[in-house]
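**Q** With the sequence up front, the predicted model follows.
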Amino acid sequence: MYDWFAISRKASRNFAVALFVCGLTAACTRPDAAWDEARQLDTPDGYASYQERHPRSPHATEARTRREALLAERDWSVARNADTIDAYREYLEKHPEGLWAGKAKERVKALSVDTTAPSTPIVAPSSAETAPTAAAPESLEPAAAEPAPAAAVAAAPAPTIPAAVVPAKTTPTPPTPKVYVQFGAFSSAEGAQKAWRELQSRHAALRELQPVYRRSGKGAAGLHLLKAGVATRAEAEKLCRTMQATGQACLIS
């Protein structure tokens, strides 16, 4: 005869153990899923929410670093578009050690300098420079050249007419990029390269451009910046507007 009471207790105990294991598994996997979600959003608010919910996660430091980088990018874009002393100073107050702090200081200095320089005085030429050169006396005539011997004239070779020189065709070199449009900052070089391939596949405006990868910062907190260079600021602004119209963030640096 079965002891149904003992069997019921044993089943309840096994069920409780199973629930406990499932809870541990969910607790272990939940921060990773939340981290994947935060990385897909890639916004300051998304990383701040992740830090608040998982302060002890191994990704907490990376979330804080990425959030600070995104805030610095946003504030630099605002300051660069305004291009005023107050805008650059506000950026420096928020990010004194930011990636673009040096450029912000240069722009503040350049905008503070008075551009009205005194005109250069016009110096009249001296009398020695303006005096005409003395003409040679009309009475002096060049001596007539002696005629060459007939034998020498006969032996002299006929002058050769040089062939027309055809200029070699040169292939025009593309202009050197002067302005860069940044599309993001990534924790690894592989991530930046993958992002560029995806951007080029989705946006025809990027297919003729070459990517530029630059490392900012040191150690684990360093980021890999993804940029593309164009010749003028007008081209950079046009490209950035095109990208922003499709929801892709960008800034001019």
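**A** Ah, there it is. In this text, all values refer to a predicted model and were calculated from it rather than measured experimentally.

**Q** Residue ranges of each domain in the chain, please.
**A** 8-112, 179-252 (automatic domain parsing).

**Q** Those domains into CSV, with extra columns for mean neighbour count and mean pLDDT?
**A** For every residue, glycine as well, the C-beta is placed using N, CA and C. Listed next are those as CSV, based on neighbours: other CB atoms under 10 Å; pLDDT from 0 to 100:
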stretch, mean neighbour count, mean pLDDT
domain 8-112, 15, 80
domain 179-252, 16, 85
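
**Q** Looks to me like Gly247 is in a strand.
**A** No - counting by DSSP: H, G, I helix; E, B strand; the rest coil, Gly247 is not found in a strand; it is coil.

**Q** Could you measure from it over to Tyr88?
**A** In this view, Gly247 and Tyr88 are 28 Å apart by CB to CB, to the nearest Å.

**Q** One more: Leu226?
**A** For Leu226, the distance to Tyr88 (CB to CB) stands at 24 Å.

**Q** now Arg80
**A** 9 Å.

**Q** how close does Arg107 get to Ala192?
**A** Using CB to CB, Arg107 is found at 27 Å from Ala192.

**Q** next one: Gly229
**A** For Gly229, the distance to Ala192 equals 15 Å [CB to CB].

**Q** Give me the residues contacting stretch 234-253.
**A** For stretch 234-253, contacts defined as CB atoms under 8 Å, 6 or more residues apart in numbering pick out 73, 76-77, 80-81, 100, 103, 179-184, 199, 202-203, 205, 227-228, 230, 233.

**Q** go on, stretch 209-227?
**A** By CB under 8 Å, 6+ apart, the list of residues contacting stretch 209-227 reads 61-62, 65-66, 69, 99, 177, 180-189, 191-193, 195-196, 228-230, 253.

**Q** Just those residues: which are in helices?
**A** Under the assignment DSSP state H, those contribute 61-62, 65-66, 69, 189, 191-193, 195-196 to helices.

**Q** want to throw these into JSON lines with distance to Lys238?
**A** As requested, those are exported to JSON lines (distance: CB to CB, whole Å):
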{"residue": "Thr61", "distance to Lys238": "38"}
{"residue": "Glu62", "distance to Lys238": "34"}
{"residue": "Thr65", "distance to Lys238": "32"}
{"residue": "Arg66", "distance to Lys238": "28"}
{"residue": "Ala69", "distance to Lys238": "26"}
{"residue": "Ala189", "distance to Lys238": "28"}
{"residue": "Gly191", "distance to Lys238": "27"}
{"residue": "Ala192", "distance to Lys238": "23"}
{"residue": "Gln193", "distance to Lys238": "25"}
{"residue": "Ala195", "distance to Lys238": "21"}
{"residue": "Trp196", "distance to Lys238": "19"}
